[in-house]
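1. just a sequence and a predicted model for now, questions to come.
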Amino acid sequence: MKANYLDELNEQQREAVIHINGPLMIVAGAGSGKTKVLTTRIAHLMRNGVDAFNILSLTFTNKAAREMKERVEKILGSSEARNLYIGTFHSVFARLLRAEAHRLGYPNDFTIYDTDDAKSVLKTIINELNLDDKHYKPTFVYNRISAAKNSLMGPDEYQLDHLVQQEDMRANRPLIGKIYDMYAKRTFKNGAMDFDDLLFKMYILLKSFPEVLHKYQHKFRYIMIDEYQDTNPAQYEIIKLLGAVNENICVVGDDAQSIYSFRGATIQNILQFEKDYDDVRVVKLEQNYRSTKSILNVANEVIAHNKGQIEKNLWTDNTEGDTIKLVRTMTDNEEGKFVADTISEQKLRNHYDNRDFVILYRTNAQSRSFEESLRRKAIPYRIYGGVSFYQRKEIKDFVAYLRVVMNTRDEESLKRIINYPVRGIGKTTIEKTLVLSNEHNITMWEVLERAREFGFKGGTVEAIEAFVIMIKSFQALLSTHNAYDVSVAVGKSTNIVKELFNDKTTEGLARYENVQELLNSIKEFTETPDEEGELLDKSMGSYLQQITLLTDADQGDDKDSNVVKLMTIHAAKGLEFPVVFTVGLEETLFPSGMSINTREELEEERRLFYVAITRAKSRLWLTHANSRYRFGNLVQNEPSRFLEEMPEKYIDRSYAGGGSVRNAFGGGSTSNWGGNNMFDRMQKKTPPAQQPTQAAKPTFSPATNHVPSADFAADDPAEMVVGMQVEHQKFGFGTIASLEGAANNRIALIVFPKGGGEKKIMLNYAKLKIVR
DNA sequence: GATCCCGTTGTTTTT
DNA sequence: CAACGGGATC
């Protein structure tokens, strides 16, 4: 054990670490050494006689959990840390539920449904109710149910709650409560829990079984929660229950970084923590060790635009550093090119490696232009997020076998594989099976097991019996072989591997490789040696649980891969990089057009921006494009309002008008707009063309200089017809030349005499005022 | 039962 | 501009 571990802390950090008993709230500003405090505190607890078995630590990602364990071990110099209970809310509760599920009537090897599985079940139910799944969109219904569960509202409460019912009525979807009810029953029948159930059922478990609650209250005497600002009411209540006896609850968070309200998180949890317990000790970590003064000052000033925060003053001893560069390009492609060029230059000029750069964006869809430009310059990169490996069809199919082997109640997975690969169990048979299972109130699997008894005949019954025997043979294998061997057997007996191997198309090849990769991952999982006697759960059930609960941040962070990283700002939370590009800073994109309707939404967008800025250690670029493709159309975007909230002092706006500068120089061709030109201008600080008005807001001049009428207000697009005179905010007055597209996606061709000629305008997107 | 073509649809953010 | 789903077709 390092004797001097306390010496490495500043005063506030030490105060947080040595507080052992009683509720503690650590308000940890960005880059203030939060992880260090958390890990040191755990080590300190253990050094002061607290048994590792009695410590529960909840994190946001599995990766954070792993790191935390490693760091505690390092401080302690022993492997006692392996006994700590560290993990994400979801994975920890999944593990506890796997031990207790029988009490709730679930199999201990219950399946965990990911979002796709859940939506698929919902779609089935919606169709069963003869509802239109275009009106009752599974995604919409899923979100409603998810929100309900995250506020601990079951189907009955949902249907009895006036406010909720009113909302559904107003949305013209009064039957969501009914769907919720059926969905809950169906997933239960399937022996499956969705993500939200892992919290919701955990709560139910603790509430309904006092002996269970007592057991875990006694076990988890010390509870630590990271990223507390992103917890939702369900998590809040569970923590409250678990911590009620000892009240040794330590929460760590930063209200300025609360960015998950769309997932039910409520910032109130952290704002109210002091009122939840008596004698809450509050420690504020206000020294930032990560960023330059310039970066931190910009961040502080931006976040100051939000109301009602926990008061704190984040400061740093670091150097002032470079100014923050603000860059405007004409298009999204040029934005991509600019970033790639700048990365090349910075590598040469400041000796950075690829791994020092990150490109942060608001939406996953924005990655495209950066991928292209990086590929063109042969800069290796890696995208985090997007479609996960485990969401690919061939992987889901294979995993469905494993799920059925573990839990035959899982109808969703069963339906997926019952005739894949084709084995003569067709649509009619499946329908019949489902009807029988409903009639007799048994699972689909039981119907299959008793197929002959239920009157299936000829080839069908043979096919079914062969299938049942096959699955049972896998189950038998499970008791003598490990997860990997069983998986290989599945691949062989089902012919899936062979079939994919024989498919020589490019996609077929990719699918084959993906399945091989899956098998490899199972192998790795089963064969990773137990670390110093640590008993890891190597069962198939544990594997399946792990892969569905993987977070984006968890995907292979090959420490040695020297590549530029691309990710959403959400995915970047908790990370830091020497050089950060935050891109797409435009109105309707960042802040998102979906989140500008209430103060709360806008403030969350601003916090997101704050998170983006504070990821940077030494250099920060902020970029935006004049126009970009969205929904297949070129749209013009105003620069983000957040850009106006930054203090001039630390900002270098000299490239703000990249496009205009280029025009001023007369170089019209994009292709010769090389990075070197850009770089040269940067070094020489050549004043851009519109320098004289720099002090004002030169960047924010609209594409044309139309000033909207005083009474400008958007009219209903439905009323617009050909020949009508309209006014556009930017393009001025024009005439509708033609209209196309369906009722709610009409596209008008409008002639703007002063605003640049013909424009195609999406009516439900652009704001147009009818003149006559 | 598979494949192809067409139209529709969607872009916040994720455990 | 994708990607996905539904329907028609073989």
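-> Noted; the coordinates are in hand. Residues are numbered from 1 along each chain as shown, chains lettered A, B, ... in the order given.
2. doesn't A:Gly424 belong to a helix?
-> No - in this structure, A:Gly424 is coil, not part of a helix, as judged by DSSP: H, G, I helix; E, B strand; the rest coil.
3. contact partners for it?
-> A:Gly424 is in contact with A:459-460, A:463, counting by Cβ atoms under 8 Å, 6 or more residues apart in numbering. Glycine gets a C-beta too; all of them are placed from N, C-alpha and C.
4. backbone torsions only: list them for it.
-> Dihedral angles of A:Gly424 (phi, psi; degrees, to the nearest 10) stand at phi 80, psi 20.
5. how about JSON lines for the contacts of A:Gly424, with neighbour count added?
-> Shown next, in JSON lines, are the contacts of A:Gly424 (neighbours: other Cβ atoms under 10 Å):
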{"residue": "A:Gly459", "neighbour count": "10"}
{"residue": "A:Thr460", "neighbour count": "16"}
{"residue": "A:Ala463", "neighbour count": "20"}
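6. what subset of those is also close to DNA strand B?
-> Among the contacts of A:Gly424, proximity to DNA strand B is found for none (Cβ under 7 Å from any atom of the strand).
7. what's the separation between the closest residue in space to A:Leu152 that isn't next to it in sequence and A:Arg416?
-> Excluding the flanking residues, the one nearest A:Leu152 by Cβ to Cβ, 6 or more residues apart in numbering is A:Ala234, at 5.4 Å. In this view, A:Ala234 and A:Arg416 are 29 Å apart by Cβ to Cβ, to the nearest Å.
8. ok, these two, which is more surrounded?
-> Higher neighbour count among A:Ala234 and A:Arg416: A:Ala234, with 23 against 20, using other Cβ atoms under 10 Å.
9. in this structure the more buried one contacts A:Met153, no?
-> No - contact criterion Cβ atoms under 8 Å: A:Ala234 and A:Met153 do not qualify, at 9.7 Å.
10. run through the neighbouring helices and strands of the helix or strand hosting A:Lys492.
-> For A:Lys492, the element it lies in under DSSP states H and E is helix A:483-493. When contacts are defined as 3 or more Cβ pairs under 8 Å, 6 or more residues apart in numbering; DSSP states H and E, helix A:483-493 packs onto helix A:393-406, helix A:458-480, helix A:496-502, helix A:506-527, helix A:540-548.
11. please repeat the previous calculation with a cut-off of 7 Å.
-> helix A:393-406, helix A:458-480, helix A:506-527, helix A:540-548 (3 or more Cβ pairs under 7 Å, 6 or more residues apart in numbering; DSSP states H and E).
12. picking that back up, pick the one among the contacts of A:Gly424 closest to A:Thr39.
-> Nearest to A:Thr39 among the contacts of A:Gly424: A:Ala463, at 55.9 Å, using Cβ to Cβ.
13. OK, contacts around the closest one?
-> Listed by Cβ atoms under 7 Å, 6 or more residues apart in numbering, the contact partners of A:Ala463 are A:423-425.
14. before we move on, what about A:Tyr629?
-> A:Asp332.
15. roughly how far apart are the residue of the stretch 201-350 of chain A found nearest DNA strand B and A:Met594?
-> When scored by Cβ to the nearest atom of the strand, the stretch 201-350 of chain A has A:Phe262 as its residue closest to DNA strand B, at 3.3 Å. Distance, A:Phe262 to A:Met594, using Cβ to Cβ: 9 Å.
16. more crowded one of the two?
-> A side-by-side neighbour count of A:Phe262 and A:Met594, using other Cβ under 10 Å, places A:Phe262 first with 14 against 10.
17. got the phi and psi for the more buried one?
-> phi -60, psi -20.
18. what count of nearby residues applies to A:Lys312?
-> 17.
19. secondary structure class for A:Ile270?
-> Relying on three-state DSSP, one would call A:Ile270 helix.
20. what parts of the stretch 51-200 of chain A come near DNA strand C?
-> Residues of the stretch 51-200 of chain A lying near DNA strand C (Cβ under 7 Å from any atom of the strand): A:Asp133.
21. and the stretch 301-450 of chain A, by the same measure?
-> So far as Cβ under 7 Å from any atom of the strand goes, the stretch 301-450 of chain A lies against DNA strand C at A:368, A:387.
22. if we go to 10 Å?
-> A:365, A:368, A:386-387, A:391-393 (Cβ under 10 Å from any atom of the strand).
23. now those in a markdown table, with secondary structure, neighbour count and distance to A:Glu507?
-> Shown next, in a markdown table, are those (DSSP: H, G, I helix; E, B strand; the rest coil; neighbours: other Cβ atoms under 10 Å; distance: Cβ to Cβ, whole Å):
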| residue | secondary structure | neighbour count | distance to A:Glu507 |
| --- | --- | --- | --- |
| A:Ala365 | helix | 12 | 22 |
| A:Arg368 | helix | 14 | 20 |
| A:Gly386 | coil | 14 | 18 |
| A:Val387 | coil | 8 | 14 |
| A:Gln391 | helix | 12 | 16 |
| A:Arg392 | coil | 16 | 11 |
| A:Lys393 | helix | 10 | 10 |
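24. quick check, nearest of those residues to A:Val358?
-> Set against A:Val358, the nearest of those by Cβ to Cβ is A:Gly386 (15.4 Å).
25. for the nearest residue to the closest one once chain neighbours are set aside, grab the count of nearby residues.
-> Leaving aside its chain neighbours, A:Gly386 sits nearest to A:Asn364 (5.2 Å; criterion: Cβ to Cβ, 6+ apart). Around A:Asn364 there are 18 other residues, counting by other Cβ under 10 Å.
26. what is the burial count for the residue of the stretch 501-650 of chain A found nearest DNA strand C?
-> Relative to DNA strand C, the nearest point of the stretch 501-650 of chain A is A:Gly632 (2.6 Å; Cβ to the nearest atom of the strand). A:Gly632: 6 surrounding residues under other Cβ under 10 Å.
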